[in-house]
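Trainee: need the 3D shape of this:
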Amino acid sequence: MHKVIPLVLLCLALFGCNSSSDSDTNSDAAFEPTTVELERLTLLDVTGQPLANVSFTIEADDSERSANTLSGGVYTTDATGSVTIPFLSAGNYRLSIDIEGDDTALSVKVGINNTNPVAAIAMPVLLNEDNTLTSVEGDGFFASFNGIIYDSKGPVEGAQIELSAGAASNGAIATAISDENGHYSLIVNVGLAIVSSLDNAVLRVTHDDFSPLVITNLDILGTGAVTGFNHGLVQGSASADVLYRETFSQLASGATCGAWTSDSVDGGVLNLWHSHDANQGIRNQALEDNLVKLAPDDQSQGAIPNPGTTRACWYGQPGNAPAAGRGNFIGTAEVTGGGITLDGGTSDEPNAGAIVSPLIDLTSASSPLSVTFRNWWEIESVNPNNEGFDLMSVQISTDNGDTWSTLARLNPLSDPIGQADRAPLPYSNRGYNKAPAWLWQEPIDISEFAGDQIRLRLEFDTVDELYNGFRGWLVDEVRIINQTGTFPRWTGGEDDYTDDEDDLQLSDVSPVPGLPLVIGEDYSFSVTAEFPGDAENVQLKMSYISWEDMLNAQEPTLLAELDPGITSGTLTSGLTTVADDIFYILIEAVDDQGVELKSDFIPYSAI
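Mentor: A predicted model of the protein is given here:
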């Protein structure tokens, strides 16, 4: 019995079936990539794990056997999943792995413009914990694309290559970054729910120094593995006019990140958004505790990345968090200390939070308009879909934050195909079990808001307490640009969020948050607070609480309070010794029974 994923020869201009230049996207390039024969393969399973010490056969298709010198043979990969083979010239080949008497096969297209002697091949198999293989042919769509990105001067490093099915896949299904030689490999793993949409795929290639390249109407159904998938870029700028920009580098008074402030989600207390500086040396403690795994291509050793600029905003926990929570979004760990071996990390309860932009004036702006940003994220792979868990939403308000509408969710449309126990494996902004990277978010269209004053909100919601031992969501360099957005707009449920009218209003905060204080020094803290709700006998209080105490559900230290019934006024503390490098001034409105009605946190750091 033979299980074969056939190769459908795609558009000649896409894969270069007939000429040495047909497969390259048109550009003004004087540089021409040097074509080479394929010499070495790296075999991967559908989760990206190398297929080490696996035997397989490869032979030319019968219809092209006379044009190829390869007559077939059995080969075995090394410990890295790689193997050297006789030179494979351009043509079609069949690669087969015997699994308990059944062949699981993949068609391989070596393009006539192949520029890399090494290619990554994702086989439709799953590598089990006991090193046996299971065929997953028919469970989803699996493919690999290898090529080079170049311009008129030579290979282009750092280009972002995304393959998408648009709204059908909720954005990219695979993302790669070109290396110093311009080479890249895209590995695709998608569930059956969106396979039928892959006859109309979209490829986007972007780089700060080049005009964006977008190729539409690609039929990739039936593709197995392809090499020589090359694309030339034209010098220019990837950016349209920038109408708004936030790099989070300068903290404003009362803000959490840059000029953006924290906002609670569903009344949640634990909001993990905070300002993240460079060179913190933070590593994911859940990895150290063997609760989660790194993706096979992740060489970071679990480190939290440096910001794209001076600072970023991060939904995750810094280095001084309680042990299990460092470098992830476990928050308050459950009683076992964050989980058991390879369970993905477990919280005591769900956590969620948002950051909100200042008012952005678009009254003089004209369409098209879109919002984009650099981001880096790593969440669970069990149910990361956009109606599942670890939800990442981009929201907008035109009524000063009273109500919110969801513009987009960044999560994939469907869950990945892979091993039964995905609990310790990550899903990142590069795909299932792939190392995360700083990537530009595909622009999200906001053209209908030209002429308005808006606020933007970025929301992260774990939804549950499971699989929270991953590194979370980092955002940097938010922009609104004069460009039509192409990322799918959210059309699902729960698209409207309404803030209570009785939110606390804070102003005149002192000392100014964002200016580092000194551990051991005494400070007087002051903030003007207003509670506009209609509850009776409300009392406003100000307290001090460290990051660690907050995560461990410890009581804060009361610094000042107003008399009951006074719902607006200035809270001023006596001299207070700063004892922690990260702490918060907590402002609460409580009723006459001491029950909290509303609260807000003002973040501080000290050195």
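Trainee: so which elements touch whichever strand or helix holds Asp103?
Mentor: Assigned by DSSP states H and E, Asp103 belongs to strand 102-110. With contacts defined as 3 or more C-beta pairs under 8 Å, 6 or more residues apart in numbering; DSSP states H and E, the packing partners of strand 102-110 are strand 2-5, strand 91-99, strand 133-135, strand 225-227. C-beta coordinates here come from the backbone N, C-alpha and C atoms, glycine included.
Trainee: ok, the nearest residue to Ile161 once chain neighbours are set aside - contacts?
Mentor: Excluding its sequence neighbours, the residue lying closest to Ile161 (C-beta to C-beta, 6 or more residues apart in numbering) is Ala176, at 4.8 Å. Listed by C-beta atoms under 8 Å, 6 or more residues apart in numbering, the contact partners of Ala176 are 160-161, 184-186, 430.
Trainee: show me how the protein divides into domains.
Mentor: 2-232, 243-493, 505-605 (automatic domain parsing).
Trainee: of those, flag the one that's most buried.
Mentor: domain 243-493 (a mean of 21; mean count of other C-beta atoms under 10 Å).
Trainee: the nearest residue to Gly111 once chain neighbours are set aside and Tyr75: what is the separation?
Mentor: Once flanking residues are discounted, Gly111 sits nearest to Gly228: 2.2 Å by C-beta to C-beta, 6+ apart. Remark: distance between Gly228 and Tyr75 (C-beta to C-beta, to the nearest Å) = 21 Å.
Trainee: what of Leu571?
Mentor: 73 Å.
Trainee: same check on Asn230?
Mentor: 26 Å.
Trainee: with Asp348 instead?
Mentor: For Asp348, the distance to Tyr75 - C-beta to C-beta - is 51 Å.
Trainee: same deal with Ala165?
Mentor: 34 Å.
Trainee: closest to Leu456 out of the helices and strands packed on strand 102-110?
Mentor: With C-beta to C-beta as the criterion, Leu456 lies closest to strand 225-227 of the helices and strands packed on strand 102-110, at 38.7 Å.
Trainee: and the helices in the stretch 201-350 of the chain, which stretches?
Mentor: With DSSP state H, counting those that start in this stretch as the criterion, the stretch 201-350 of the chain has helices at 285-288.
Trainee: can you check the stretch 451-600 of the chain too?
Mentor: With DSSP H, counting those that start in this stretch as the criterion, the stretch 451-600 of the chain has helices spanning 547-551.
Trainee: so where's it shaky on pLDDT?
Mentor: Within the stretch 451-600 of the chain, the segments meeting pLDDT under 70 span 493-503, 514-515, 534-535, 550-553.
Trainee: repeat for the stretch 201-350 of the chain
Mentor: 237-239, 267-269, 321-322, 335-337.
Trainee: would you map the strands across it?
Mentor: 201-207, 210-218, 225-227, 231-232, 242-246, 261-263, 273-277, 311-315 (DSSP state E, counting those that start in this stretch).
Trainee: what packs against the longest one?
Mentor: Yep, that's strand 210-218 we're talking about. Using 3+ C-beta pairs under 8 Å, 6+ apart as the test, strand 210-218 ends up in contact with strand 201-207.
Trainee: so what touches the strand it packs on?
Mentor: 149, 156, 158-166, 172, 212-216, 218-220, 231, 233, 238, 440, 442, 486.
Trainee: swap in stretch 564-576?
Mentor: With C-beta under 8 Å, 6+ apart as the criterion, stretch 564-576 contacts 508, 522-533, 536-542, 544, 559-562, 587, 589, 592.
Trainee: okay, how far is it across it, tip to tip?
Mentor: 24 Å (C-alpha to C-alpha, to the nearest Å).
Trainee: between the two ends of stretch 425-440, how far is it?
Mentor: 23 Å.
Trainee: report the distance from it to the chain centre.
Mentor: Centroid separation between stretch 425-440 and its chain, computed with C-alpha atoms, centre = their mean, to the nearest Å, is 6 Å.
Trainee: repeat that for stretch 455-471.
Mentor: That offset, for stretch 455-471, works out to 12 Å (C-alpha atoms, centre = their mean).
Trainee: got it, and stretch 139-158?
Mentor: 20 Å.
Trainee: ends of that stretch, what's the gap?
Mentor: OK, stretch 139-158 end separation, C-alpha to C-alpha: 33 Å.
Trainee: and Ala278, how far from Leu474?
Mentor: 12 Å.
Trainee: and for these two, which residues touch both?
Mentor: Pro307.
Trainee: about what we covered before: so which of the strands of the stretch 201-350 of the chain is nearest Arg40?
Mentor: Judging the strands of the stretch 201-350 of the chain by C-beta to C-beta, what sits closest to Arg40 is strand 225-227, at 11.6 Å.
Trainee: partner strands of the closest one and their direction?
Mentor: Paired neighbours of strand 225-227 in the sheet (DSSP bridges): strand 102-110 (parallel), strand 140-150 (parallel).
Trainee: with distance to Arg374 and mean pLDDT added, can I get those strands in CSV?
Mentor: CSV is the format used below for the strands paired with strand 225-227 (distance: least, C-beta to C-beta, whole Å; pLDDT from 0 to 100):
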stretch, distance to Arg374, mean pLDDT
strand 102-110, 34, 89
strand 140-150, 19, 93
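Trainee: can you put these in CSV and add distance to Asp361?
Mentor: Converted to CSV, the strands paired with strand 225-227 look like this (distance: least, C-beta to C-beta, whole Å):
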stretch, distance to Asp361
strand 102-110, 52
strand 140-150, 38
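Trainee: contacting residues around Ser262?
Mentor: Per C-beta under 8 Å, 6+ apart, neighbours of Ser262: 256, 271, 273, 353-356, 600-601, 603.
Trainee: any idea how far Ser414 is from the closest residue to Ala259 other than its chain neighbours?
Mentor: Counting by C-beta to C-beta, 6+ apart, the nearest residue to Ala259 once its immediate chain neighbours are dropped is Ala252, at 4.3 Å. According to C-beta to C-beta, Ala252 stands 40 Å off from Ser414.
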